Structure formats: C-alpha cells, structure tokens
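Visitor: Sequence first, then the predicted structure, then my questions.
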Amino acid sequence: MKSIWENYKTDIAYDELMHSEFQPRPVSHGLCQYLNSLKKNDIDKRKMAAELAIMEMGITFTVYSDEGNIDRAWPFDIIPRIIDAREWRIIEKGLKQRLTALNCFISDVYGEQNFIKEGKIPSETINSSKNFRKECVGMKPRHSVWANICGTDLVRDKNGIMYVLEDNLRVPSGVSYMLENRVITKRVFPELLQGINILPIDDYPTQLQDMLSSIAPHHNGKPQIVVLTPGIYNSAYFEHAYLAQQMGAQLVEGSDLVVKQDDCVYMRTVEGLEKVDVIYRRIDDDFLDPEVFRKDSALGVRGLMRAWKAGNVALANAPGAGVADDKVVYAYVPEMIRYYLNEEPILPNVPTYLCSNKDDMAYVLEHLAELVVKPANESGGYGMLVGPHASAKQVEAFRKVIQADPRNYIAQPTLSISTAPTLCKGKLEPRHIDLRPFILQGEKTFVTAGGLTRVALKKGSLVVNSSQGGGSKDTWIINMEGR
Amino acid sequence: MLSRSAERLYWLARYMERTENTAKLVSVHMNLLMDLPKGVEMGWQQLISISGSEQKFYAANKLENERNVTRFLLTDPSYSGSLFSSLSAARENIRTTRELLPDEAWEQVNEMYLFAKNNLDAISNRSSRIAFLNEILRGCQRFTGLLSGYMSHHHPYRFIRLGRNLERADMTSRILDLASLLLSESRSDELRLYETILWMNILTALNALLMYRQHVRSRIKGDDVLNFLLLDKTLPRSISCCLVEISDCLNQLPNHDGLPEKLVELERYVQAIDTHQTTQLQLRGILDDLQNKLGELHQQIAENWFLRMASEQGQGG
C-alpha cells in the first residue's frame, strides 16, 4: 500500500510539520507517528466523521454570491498545524506589544496627536483615512483601549521568520471556528490528544466576557453584556450566535435596542426595557448609528454614539478604532512600538511600499508583476492583486486602479508563505497557510493559545480567506519541555 | 429576555409540536386503514379535511390517495403545514435563538432537519415511511426531553411550553374533529362495526390509549373517549391539560395583564361541554368555536409580549 506521504514536497516553501518527505520536525513527531499507524481508509473515515460533525453541529459561514446568500459547511482539514510552545511564547509577547502600541496610537490620534506632530506619520495619512472618525476626537474609553478585540494575521516566510501581515481591529472574525476546530479534533482523534501536551483554548469565551466586563461604564458587579449582530444574513452570524451563547450574553439586532432621552441604551424584553452596559458590536462603524454615520443604515441603533459619548455604554471595539486597521498605517506600527513603548518590535512587519510615496510608487509600478498589491481598507481578500499569479492583462488593469487612487494601495513582496500537510483526495499535500491569533485587551491583555490557521485549499494558491475557497485547521501549541 | 427571542422560541416550540403531531397523525392513520376493510367511508381524504387544507391540496392534486396525501402532508415544501415545512421553520427559529438554548437542542433540530432533507424519498413506500416517521417522532421526543432536563425552567422555557401547548390543544381539537365525523348519524352499518377500532386509533394518535384504560376503566365508547380527551386534567394531550399548562406559564410570565382571566374563561367554557348530550353537528360547532378561541389566545399572547417593539417605536430617541 502506498504511503499517504508519497511524493510530499517540502521544497516549495517552509513546511510547518516536515523537514523533508521522510523526516518530521521535532514538534510533529507524535502526530506523524500516529498518522503512519492508521490505515488509509481509516484516515478517510476520520475525514468523513469530521464532515458529518460539521454538518450536525451546523458550523457554517455564508457566502455572498450572485445567486443569493448560501450557507456553506465550514471547510476543515483534519491534519492539525503545530507550533512549539517555546516559539509561541515569543509570538505571544510580540502580539501583546503590538496591540498595546496600536491602542496608544489610536488614543493619540483622537487626543494630542503627538505622533503626527513629531512627524512620525504624515497628517495627510490620518486625515484621508476612511476609518478616521472625527466624531471620536476627545473620547477616552476605559483603560485607554480602543481596540479591545484584535485578530492579527501572521505568515511565515521561507526563511522561517513569522511576519505580521495585518492587524484586524474593526470586527475581526474567526474565533468561533478556532474553538469548534478543536471540538471536532477531539471527536475525530480522541486517542491522539491523549499523549500530547497541547495548550487548551476553550477559555476564550470566559476571557472575552471578563474583558467586556472590565470595560463596563459602571462598576456594578454584573454588567449587562450584549452581542450586536447585523443579523442572520451576515457571513459571520454563526459566530455571533456562538459567542453570545458561550458567554451567556444576549444576541441582539439593532431593532432590539433603543436609546432613550437619558442617553442610555435599552433592550426590548418581555419585561419591558432593560438597560445595556456593554455592546460587543459586530457591525462596522458605518452602520452603527444612522444619526451620525450612514443615514440609510437599518442595522444600527439611532443615538448609539450619543450614549457612548455620554459614557453610558461601552462599545467594543470603540468606534474609530479602525483608523489603525489601515494598511498604510500598518507600515508605521514598528515605529509606534519604538515611540510609545520605547521597545524594539518583537514581530517584524512585511516590507511595505506605500503607493502615496513617490519613490515607492515608482518601484511598485516597475515591479507590479512580482508584488502583492492590496487596497488599504478592504478585508476578506477582496480587491487585491497577486502579481505572480495574475495575467498580464490583470496586471495592466490594476496599474490604472492604483494610479487613480495611490493613497488607498500598498504593495508587498510576494512571500512564499509556509505550508502544512493537508489531506487532499486521500493523500497529504503541502498547502499554504497563515495564522490568526486573537488578542483581547481591556484591563488586562490576553492572547489565544494559537489561533485560527487558515489554509488555501487550492493547489499553489496563496489566498486563505474562507470567502475565496480557503479552509482551516486546528492549531496546536505543544509544550515540548519535560519530555 | 428579548421580545424577539420570546417570539422565536414560542414559534420554535409550535413548529416542533406540529412536526411531531403530523408524524403521529399520518402514522396512526396508516395503521387504522390497514385494519379497516375496503369500502368504508374512511380514507386519506379525512386527513386533508382536518388539517383544513383542502383548497391547497386539490389545487395541486386530483386524487386523495395515499401517495398524494402523504406526500402533501409530509414532504411538500410548498405547503406550509407539511412536516418538512414545519421542521424547516423550527430550524430557522432555533438558528436565531441558539444563544438561549443548550447546544444539544440546536444539534438535535439540525440533525432532524438534515435527516428529513436527505430522506424525503423514503416516504413513498410504507415500510420506509414507517421508519422515517419513527425517526422523526424519536427526534421530537429527544428535543422535548433534553430541554426539560438541560434548561432552567425560566422565561425562555415558559415561552417554549406556551407554544407547545397551544399547538397541542389545536391539534387535539382537530383530531376530535375527525372523531366527530364518526358520530355522524348517517354512518354506515359497516363503519359502526369497526367503531371500537376507530376510537382506539383516535386515542393512540394522542398517546392516550393506555391512560384511557387505566383511568376510565370502561370499554372504549365514543362519548367516554371524547370526554377523556377534552376534560381530563392530567392527560398531557387533553384540551384541559394543555389549558392548565398554558395558564401556569401565563401566570409566571411578567406583564401578563388580563391574560390569566381570559384563560379562566376558556377553561370554564371547555369544562361545560357535555359530550353525552351533544349531537355530532353540535360537537363540530363546539370544536370550531374552540379552535377560534385558541386563535384569539395566540393573538393576545403575541400582542402582549411580541409586538411591544412596534408600540414603543414612537418613544425611541
């Protein structure tokens, strides 16, 4: 019988689990041994068991398409991705450092603006940012934290170094899939998890609840926390419901909330109106309050900004936090860390060319076919160009797009992002992956043990977003000490 | 709890109860027809008439035969009262209230839905239809059982009980409708011969046969059965018992306004029904009236707890 590892290639990029076709890295010894002990149809059976569990647990995400919105089962690869706890501790430190600096920066932007005054970033960059909200100037959220929940995307280049690809500070999603992936792995490989020391992840909902309680405007013991969802047609609705359930919080839609004359937020319950203290909102700033932002928004709550500014309700993330979730601002994060914390960045940025900068722009236009070009304020992998994978025609079309709006484009070298063995038609093949850990910041700072590993299921593809044919893997942080 | 969630839980319970009742009804009826000789005036058309869906059925079907009726009642996605439509609606409601219920509740409904969706063809022949219906019935029981065992019996649970019992009372009254057909003066001598079997099946459809034997302790007679199913306060599917449950929930829910008094009236009305003295025609009238009163009760529940949003809209901001 042929091995599932037959012709496994480790030369296309850094492979997370394998040195070579025949030699696993130290962290993946246990896993590889276990996989080799299984018969081929045994592995297929486990894969089917995982798919069945996903269907029955109803783990879905919604894809927007021309034919309407479709609920799709969450594509999951049963082979986990593994990171050594010793490496993870450094990454964790780097993530905390990064979010702390970002929050200092956001506070500064809506306060004194020292970073700008000292010429560390052009004022033009901030003023022209789509996510800079002048309505937020002068606000001071509790603990001076604006971005309470952050999803930071990490990728590993072929030299083995982990880079920060982007910071998602608006409404990052994916954490429920991280949690459910572990639940499925426990169901599918119960005997495997016994012998390996994997850091647990299931305290996330408790940590989230603690963090949300810590930002409540009044210290009255048990604040009323709600999760505000745009509703069932949002692609992340499953996650909104999941997190609300896991925290024992109410899942509300805009129409369930009302702001009264006293500038307090209430929800409509069977017992009448009940006051709300903390809103974990999963709605973009634009749709939050038709009184202040988009007038046509039917998803938000009229008067919400009034209540927030009066200090009667906490919003996580705070409105305006997205100003630091701009791919142009991203380029300045290492400088923020030095400026606000007086430290050197632990996690490096990917070299970034700003198209608004003349020299950078010239370079970008010259090397378009080698670079990845991204719009500054999109998420979900929409509207980007991967130079080496694009046709000449696409590259030329993109050239015009960039030239028309240089402020809103950045370019980065095409990284050869790392791979991990992924089950494809009964065989293991290398597929490109990234990692999105989630960081919570309120009174304290917390980082998930690992995060959501997303995998580009299409051979050779570098795009891991679920909306673009990506899947995910369980992520194990393994403690190797004491073995 | 949110008014919106209360409404969705209430409907979740109604749709789950409807799913179970439809499965039970078809299953019992199938069993009954196997016992009866060919040619008696009892067939599949009776199921269409008690569900009040003649118009809808005859718009798409010419013959009220087994194949058409079971397909219509069980799997027709365009008929909102079909088992599959009810189950789909239950799933939509639980999908939007997951945060209030134990994980297992959502998984149970989702699994049942996937099972039904993947086995819609199974209903075309009798033996796989029986297996299909049994699986659905078991699923409904698991759902009810796990909520009762895993969930605090507070407001969300009360709205579930409220929806379940209102739906149940409605279905019991419809099954009694079917019974009233049997009392028709013009019934054939042949049907009269099989009366005991018919009444036994009515009891079975409401899971009441064993309880009837234990509590009524007489041979199975039409007016005793009617009496039992209308007035017994301890039989879970009797009209009176459903009203007791509803009244219990109403009294424990906040802002119940005038609802408990309305219910007392309704309970009195039911208790005053004298099955020994009514003719078949009168009984049909009474049951129609009862169904209307249940409809009114639903309206009042909705106005009291679910529609608050509309009435408050003006005060916002």
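Guide: Nice, thanks for sending it over. What you are looking at is a predicted structure, and each value in this text was computed from that prediction instead of being measured.
Visitor: rest of the way, CA atoms for contacts and neighbours
Guide: Will do.
Visitor: send the alpha carbons of the helix or strand where B:Arg213 lies over as CSV?
Guide: B:Arg213 belongs to helix B:209-216 when assigned by DSSP states H and E. This file holds the C-alpha atoms of helix B:209-216, laid out as CSV (Å, rounded to 0.1, in the frame of the first residue of the first chain):
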residue,chain,number,x,y,z
LEU,B,209,-54.8,4.6,24.9
LEU,B,210,-53.1,3.2,28.0
MET,B,211,-54.1,6.2,30.1
TYR,B,212,-57.7,5.8,29.0
ARG,B,213,-57.7,2.1,30.0
GLN,B,214,-56.2,3.0,33.4
HIS,B,215,-58.4,6.0,34.2
VAL,B,216,-61.7,5.4,32.5
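Visitor: Tell me which residues touch A:Ala314, please.
Guide: Applying CA atoms under 8 Å, 6 or more residues apart in numbering or on different chains, we find A:Ala314 in contact with A:Pro141, A:Ile215, A:Ala216, A:Pro217, A:Asp277, A:Val278, A:Ile279, A:Trp308.
Visitor: closest to A:His19 among those residues?
Guide: Distance to A:His19 across these (CA to CA) is lowest for A:Ile215, with 45.6 Å.
Visitor: Give me the distance between that closest one and chain B.
Guide: Counting by CA to the nearest CA, to the nearest Å, the separation of A:Ile215 from chain B is 22 Å.
Visitor: Neighbours of that residue, how many?
Guide: A count of nearby residues for A:Ile215, using other CA atoms under 10 Å in any protein chain shown, gives 25.
Visitor: Same check on A:Glu180?
Guide: 17.
Visitor: And A:Thr422, which helix or strand is it part of?
Guide: Using DSSP H and E, A:Thr422 falls within strand A:419-424.
Visitor: Downstream of that strand, the next helix or strand is which one?
Guide: As assigned by DSSP H and E, the chain's next helix or strand after strand A:419-424 is strand A:427-436.
Visitor: tell me what that next one is packed against?
Guide: For strand A:427-436, the packing partners by 3 or more CA pairs under 8 Å, 6 or more residues apart in numbering or on different chains; DSSP states H and E come out as strand A:149-156, strand A:419-424, strand A:452-456.
Visitor: Flag every residue of the stretch 51-200 of chain B that's near chain A.
Guide: Counting by CA under 8 Å from any CA of the partner chain, the residues of the stretch 51-200 of chain B close to chain A are B:Thr96, B:Thr97, B:Arg98, B:Glu99, B:Leu100, B:Leu101, B:Trp106, B:Glu107, B:Asn110, B:Glu111, B:Leu114.
Visitor: what about 6 Å?
Guide: Proximity of the stretch 51-200 of chain B to chain A, by CA under 6 Å from any CA of the partner chain, involves residues B:Glu99, B:Glu107, B:Glu111.
Visitor: Surely the second one and A:Met57 touch.
Guide: Yes - with contacts defined as CA atoms under 6 Å, B:Glu107 counts as touching A:Met57 at a distance of 5.4 Å.
Visitor: Mind putting the helices and strands packed on strand A:427-436 into CSV with distance to A:Phe22?
Guide: Shown next, in CSV, are the helices and strands packed on strand A:427-436 (distance: least, CA to CA, whole Å):
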stretch, distance to A:Phe22
strand A:149-156, 22
strand A:419-424, 13
strand A:452-456, 22
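Visitor: mind checking which of these is nearest B:Ala131?
Guide: With CA to CA as the measure, strand A:419-424 is the member of these nearest B:Ala131 (36.3 Å).
Visitor: And that closest one, what's buried?
Guide: By neighbour count with 16 or more other CA atoms under 10 Å in any protein chain shown, strand A:419-424 contains the buried residues A:Thr419, A:Ala420, A:Pro421, A:Thr422, A:Leu423.
Visitor: Just the closest of these to chain B, please.
Guide: Minimum separation from chain B among the buried residues of strand A:419-424 (CA to the nearest CA) is found for A:Leu423, which lies at 25.7 Å.
Visitor: Count residues in the vicinity of the closest residue to chain B within the stretch 251-400 of chain A, would you?
Guide: For the stretch 251-400 of chain A and chain B, the shortest gap (CA to the nearest CA) falls at A:Thr269, measuring 3.9 Å. Counted with other CA under 10 Å, the neighbours of A:Thr269 add up to 20.
Visitor: If we ignore the residues flanking it in sequence, what's nearest A:Asn479?
Guide: Spatial nearest neighbour of A:Asn479, excluding adjacent residues (CA to CA, 6 or more residues apart in numbering or on different chains): A:Ala85 at 5.1 Å.
Visitor: no no, B:Asp257
Guide: Leaving aside its chain neighbours, B:Asp257 sits nearest to B:Asn304 (7.8 Å; criterion: CA to CA, 6+ apart).
Visitor: So in terms of bridging, what pairs with the residue of the stretch 251-400 of chain A closest to chain B?
Guide: For A:Thr269, the beta-bridge assignment (DSSP bridges) gives partners A:Gly272, B:Leu2.
Visitor: what's near enough to touch it?
Guide: B:Met1, B:Leu2, B:Ser3 (CA atoms under 6 Å, 6 or more residues apart in numbering or on different chains).
Visitor: Now do the same contact list for the first one.
Guide: Contact analysis of B:Met1 by CA under 6 Å, 6+ apart lists A:Thr269.
Visitor: pLDDT score assigned to residue 139?
Guide: If you meant another chain, say so; for now it's chain A. At A:Met139, the model reports a pLDDT of 95.
Visitor: that's the wrong chain, I meant chain B
Guide: So B:Gly139 comes in at 97 (pLDDT).
Visitor: what's the burial count for it?
Guide: Neighbour count of B:Gly139, defined by other CA under 10 Å: 19.
Visitor: Quick check: chain neighbours aside, which residue is closest to it?
Guide: For B:Gly139, ignoring the flanking residues on the chain, the nearest one in space by CA to CA, 6+ apart is B:Met112 at 6.5 Å.
Visitor: for the helix or strand the one you found falls within, what is the average pLDDT?
Guide: Under the criterion of DSSP H and E, B:Met112 resides in helix B:103-118. Helix B:103-118 comes out with an average pLDDT of 94.
Visitor: So what touches it?
Guide: Taking CA under 6 Å, 6+ apart as the rule, helix B:103-118 contacts A:Glu56, A:Met57.
Visitor: What is the subsequent helix or strand relative to that helix?
Guide: Using DSSP H and E, the helix or strand that follows helix B:103-118 in sequence is helix B:126-150.
Visitor: how many degrees apart are that next one and helix B:103-118 in direction?
Guide: 170 degrees (axes from the mean of the first three to the mean of the last three CA atoms, to 10 degrees).
Visitor: What residues sit buried inside helix B:126-150?
Guide: For helix B:126-150, burial by neighbour count (16+ other CA under 10 Å) applies to B:129-130, B:132-137, B:139-140, B:142-144, B:147.
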